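*Asks:* A structural model of the following input is requested.
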Amino acid sequence: MERMNLTMLTDFYELTMANGYLAQGLQDRIAVFDMFFRRIPDGGGFAITAGLAQLIDYLEGLHFEEEDLVYLRGKGIFSEDFLEYLRNFQFHCDVWAVPEGTPVFPNEPIVMVRGPVIEAQFIETMVLLSINHQSLIATKANRIVRAAEGRSIMEFGSRRAQGGDGAILGARAAYVGGCVGTACTLAERDYGIPAIGTMAHSWIQMFPSELEAFRAYARIYPASCTLLVDTYNVLKSGVPNAIRAFQEEVVSRGFRPRGIRIDSGDIAWLSKEARIMLDDAGFPDCLIVASNSLDEFIIRDLLGQGARVDLFGVGERLITSRSEPVFGGVYKLSAVEENGVMTPKIKLSENVGKITNPGFKQVWRLFDRDTGKALADVVTAFEEEIPEDQPYELFDPEYTWKRKTVTNFSARKLLVPIFAGGKCVCQEKPLSEIRTYCAEQVETLWDAVKRFENPHKYYVDLSPSVWETKNRLLKQYG
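*Replies:* Predicted coordinates for the structure are as follows:
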């Protein structure tokens, strides 16, 4: 896949600040930035991080073209020294990130960048764009997958996505979140996500009768025949004609029918009646597929009403995360390093939720050794360790009297090295492996955290040293 140069896909103020940093002689000052989010979409208990592979591609390809420099010179506000700096631009930063597919929580860094301030600041837009979009879709997909209680979810949203990248990368994120495949052909070509599809209503309307349309399709695709049965009447014609076509054109050729799809109507009732008809015809192995503006709540209700659906195709409400279409990740300065001395930085706000956690940090996840379940996350100073051989006291950073001492736990660092000195130091993982990892990590969460409504709050605590630094800066600047 040819890499597109997205260097200039940046907010304009990144360039004005970079020009200013150079003018002030600050271009070599080392800065640390955290990318984190403040609120989980849909009021959920956790989010799923995704999009790191695209961020890596962007960082590996960072360079300015001559046409970029011509354009910037035409703005009339940038110095020639700055344009020359851009002409020779190279990326030197260190980057850490939480692996794709990991459940993540508010106010903990999921990407951390350390390096010369111009470089670290400049990449803000694409860090946020890459991680925000795919994390949003992966989170929504995971909610829908969990609602299906083991039944498969297909991503069907390309035609309703916000543009080509929204469709392709949205399909990728949906697969990370647990979908089994996509309707997007390009997503299979480029990312290996299984692309699946059969027919639209127009195929059936092109033939003199529904039965003839079914027969023709079954003759062409006897080994993978799924028929759309709601063009006219699901139970009076659609399912009976599908059964007849299966018998005449599929079974007669030594194959078994793959399924039927219902795209409208009362899916709970229609699927139950269709199941009876298919079973009576000798096709208990024929799957029933449902589509039509589905989401996690509709799927949950359908199953609660006894719907006999084996696979759901979910489109617009997944690919756009229609219920909450923004993942509010932000990118904030947390420390400045000069002559080897790290100075923590904090952003204050009248809105307490917007006050940042200062310093150069690491994120740890603690797991109960007996159950394997995640207990809490702890944000520590970067070089700080959490010893597993002694009790560790957790405390709520806002309500500090809420404390709990944990024992018999294991601790894992979540932020892993991605770039060192501007060079990628991680190996790309197959998307199927990321998807499996995501499912495994979600299983480490307690069911109470996975509730759709009013989930139990999973705690992200600060280590005593980080809390003391934050408290000191609050008193200093507050």
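*Asks:* which strands and helices sit next to the host helix or strand of Asp81?
*Replies:* Following DSSP states H and E, one finds Asp81 within helix 80-87. Helix 80-87 sits against helix 12-23, helix 66-74, with contacts defined as 3 or more CB pairs under 8 Å, 6 or more residues apart in numbering; DSSP states H and E. Heads up, the C-betas are built off the backbone N, CA and C, glycines and all.
*Asks:* which SS class is the residue nearest to Met17 when sequence neighbours are not counted?
*Replies:* Closest residue to Met17 apart from its sequence neighbours, by CB to CB, 6 or more residues apart in numbering: Gln121 at 5.9 Å. Classification of Gln121 using DSSP: H, G, I helix; E, B strand; the rest coil returns helix.
*Asks:* same thing with Thr444?
*Replies:* Quick answer, by three-state DSSP: Thr444 is coil.
*Asks:* For it, give me its contacts.
*Replies:* Applying CB atoms under 8 Å, 6 or more residues apart in numbering to Thr444 gives the contacts 103, 367, 372-374.
*Asks:* so how far is Asn19 from the closest residue to Thr407 other than its chain neighbours?
*Replies:* In space, and not counting its chain neighbours, Thr407 is closest to Pro391: 4.9 Å by CB to CB, 6+ apart. As judged by CB to CB, to the nearest Å, Pro391 and Asn19 stand 52 Å apart.
*Asks:* More neighbours: which of the two?
*Replies:* Asn19 (20 against 10; other CB atoms under 10 Å).
*Asks:* Look up the pLDDT of that one for me, please.
*Replies:* pLDDT for Asn19: 98.
*Asks:* Now it: closest residue in space, sequence neighbours ignored.
*Replies:* Distances taken as CB to CB, 6+ apart place Phe82 nearest to Asn19, at 4.5 Å, with adjacent residues excluded.
*Asks:* one step back: redo the helices and strands packed on helix 80-87 as a markdown table? Include distance to Glu155.
*Replies:* Putting those into a markdown table (distance: least, CB to CB, whole Å) gives the following:
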| stretch | distance to Glu155 |
| --- | --- |
| helix 12-23 | 33 |
| helix 66-74 | 35 |
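*Asks:* do you know which of those lies nearest Gly51?
*Replies:* helix 12-23 (19.1 Å; CB to CB).
*Asks:* list the buried ones in the closest one?
*Replies:* The neighbour-count check on helix 12-23 (16 or more other CB atoms under 10 Å) flags 14-15, 17-19, 21-22 as buried.
*Asks:* Of the residues you listed, which is the nearest to Leu287?
*Replies:* Scanning the buried residues of helix 12-23 for proximity to Leu287, where the rule is CB to CB, the winner is Glu14, at 49.8 Å.
*Asks:* Isn't that closest one up against Glu119?
*Replies:* No. Using CB atoms under 8 Å, Glu14 is not in contact with Glu119; the gap is 10.4 Å.
*Asks:* Just the strands from the stretch 101-250 of the chain, written as ranges.
*Replies:* Remark: strands assigned in the stretch 101-250 of the chain by DSSP state E, counting those that start in this stretch are 103-104, 111-116, 152-155, 181-182, 226-228.
*Asks:* Since that was my last question, I'll sign off now.
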